[in-house]
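Undergrad: With the sequence up front, the predicted model follows.
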Amino acid sequence: MSNVRQLRYQPRDSSAGGVEVLSFARLRELDDHETQRADFYVVAVVDEGVGEVSIDFDRYPLAPGSIVRIPPGAVHRWDDMVSVDGSLVLFLPTAPATPATRARAAPIDIPGVCEPVADAELVSAALDHLELELRAAGAGTPAEIPGLLLSAFLARVPRAAEARYANDSLFVAFRRELEAHFRGHRDTGFYARVLGYSPRTLSRAVQKATGRTAKAYIVERVLLEAKRMLAHDRFTAARCASELGFPDASGFSAFFRHGTGLYAGAWQKRAISNLVEG
């Protein structure tokens, strides 16, 4: 049985266009300290206090000014949040107003925590305006307002190191196709054909954006999902093989060992031990 609580987006106000803002006080009321996986984005801004958040297999300390990015599907847990105050913006991938602003939001697909930034006042102002409009949402409120203000807020959120890809349409498209097909396709050629480019052109775009080859990027994505399954869902190697499109457990085990240096069973035992201790 999975040790991860699945969270589905259930807005309190359907007129808000797939975006909602919660306080950390409200999070404490709802959160039962379980490990979670959501089908929506979370961007949190810490105003006061210290705490910690675990995202996939990394732990991040939180302090005033920290900004947390949690994309859909990332396994996460909030810890030591008693003193933390601030806001969490929850939204669906379709919530930003236009394709251009959705592309602008793409860097938050890279999970992590940003340290306090120089334009913190602009981040705060954009968040305040979004909250104000959501509180006032109702009859007569233009439907596009939440998406536009969400886009303004996301434009102020600091970017991760890889975020230079945000304006690279080929890499953004590659990431989208990878999310849709990584469970069955691990070869660069497949994604190149789907996108209408040569494997070399695709690999150059990935290398420019991430410093890694397209093949390495695909392998990392499959390994991440395998680790989630082993550590949180407690799947066997055979179950992982089935879920990720490998012909058999031995093929998956060889892939996993090549990528991590450990057999799947040994990695699983160590990961579960670390989770229990954490």
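TA: Everything's here; your move. Numbering: from 1, shown residues only.
Undergrad: Just confirm residue 95 is within a helix.
TA: No: going by DSSP: H, G, I helix; E, B strand; the rest coil, the assignment for residue 95 is coil, not a helix.
Undergrad: mean confidence score for stretch 44-57?
TA: Stretch 44-57 carries an average pLDDT of 93.
Undergrad: Which positions in it come out as buried?
TA: 44, 45, 46, 47, 49, 51, 52, 53, 54, 55, 56 (16 or more other Cβ atoms under 10 Å). No exception for glycine: its C-beta is placed from N, CA and C like everyone else's.
Undergrad: in terms of contact, does the fifth one touch residue 61 like I think?
TA: No: taking Cβ atoms under 8 Å as the contact criterion, residue 49 and residue 61 are not neighbours in contact, 11.4 Å apart.
Undergrad: ok, and residue 61, which helix or strand is that part of?
TA: Residue 61 belongs to strand 58-62 when assigned by DSSP states H and E.
Undergrad: what do you get for residue 54?
TA: Assigned by DSSP H and E, residue 54 belongs to strand 51-55.
Undergrad: again with residue 69
TA: Per DSSP H and E, residue 69 falls inside strand 67-70.
Undergrad: Run through who's touching that strand.
TA: Contacts with strand 67-70, where a contact means Cβ atoms under 8 Å, 6 or more residues apart in numbering, come from 38, 41-46, 53, 55, 60, 62, 76, 107-108, 110-114, 117, 123, 157-158, 160.
Undergrad: What subset of those residues is buried?
TA: 38, 41-46, 53, 55, 60, 62, 76, 107-108, 110-114, 123, 157-158, 160.
Undergrad: Just the endpoints, please. Distance across stretch 67-86?
TA: End-to-end span of stretch 67-86 (Cα to Cα, to the nearest Å): 10 Å.
Undergrad: Doesn't residue 46 belong to a helix?
TA: No: assigned with three-state DSSP, residue 46 falls outside any helix and is strand.
Undergrad: which residues sit in contact with it?
TA: Counting by Cβ under 8 Å, 6+ apart, residue 46 makes contact with 24, 62, 63, 64, 65, 66, 67, 68, 84, 85, 86.
Undergrad: What segments of the stretch 101-250 of the chain are helices?
TA: 120-136, 145-156, 169-181, 188-195, 199-210, 214-231, 237-243, 249-260 (DSSP state H, counting those that start in this stretch).
Undergrad: want to try JSON lines for these, with mean pLDDT as columns?
TA: Compiled in JSON lines, the helices of the stretch 101-250 of the chain are given as follows (pLDDT from 0 to 100):
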{"stretch": "helix 120-136", "mean pLDDT": "89"}
{"stretch": "helix 145-156", "mean pLDDT": "86"}
{"stretch": "helix 169-181", "mean pLDDT": "89"}
{"stretch": "helix 188-195", "mean pLDDT": "97"}
{"stretch": "helix 199-210", "mean pLDDT": "91"}
{"stretch": "helix 214-231", "mean pLDDT": "95"}
{"stretch": "helix 237-243", "mean pLDDT": "96"}
{"stretch": "helix 249-260", "mean pLDDT": "96"}
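Undergrad: Kindly provide the distance from residue 93 to residue 179.
TA: Look at residue 93 and residue 179: by Cβ to Cβ, to the nearest Å, they are 10 Å apart.
Undergrad: circling back: could you identify the most distant pair in the buried residues of stretch 44-57?
TA: 47 and 56 (25.2 Å; Cβ to Cβ).
Undergrad: Run a quick neighbour tally on the nearest residue to residue 119 once chain neighbours are set aside.
TA: Nearest non-adjacent residue to residue 119, counting by Cβ to Cβ, 6 or more residues apart in numbering: residue 156, 6.4 Å away. Residue 156 sits with 17 neighbouring residues when counted by other Cβ atoms under 10 Å.
Undergrad: Residue 156 contacts residue 128, correct?
TA: No: assessed by Cβ under 8 Å, residue 156 is found out of contact with residue 128, at 11.6 Å.
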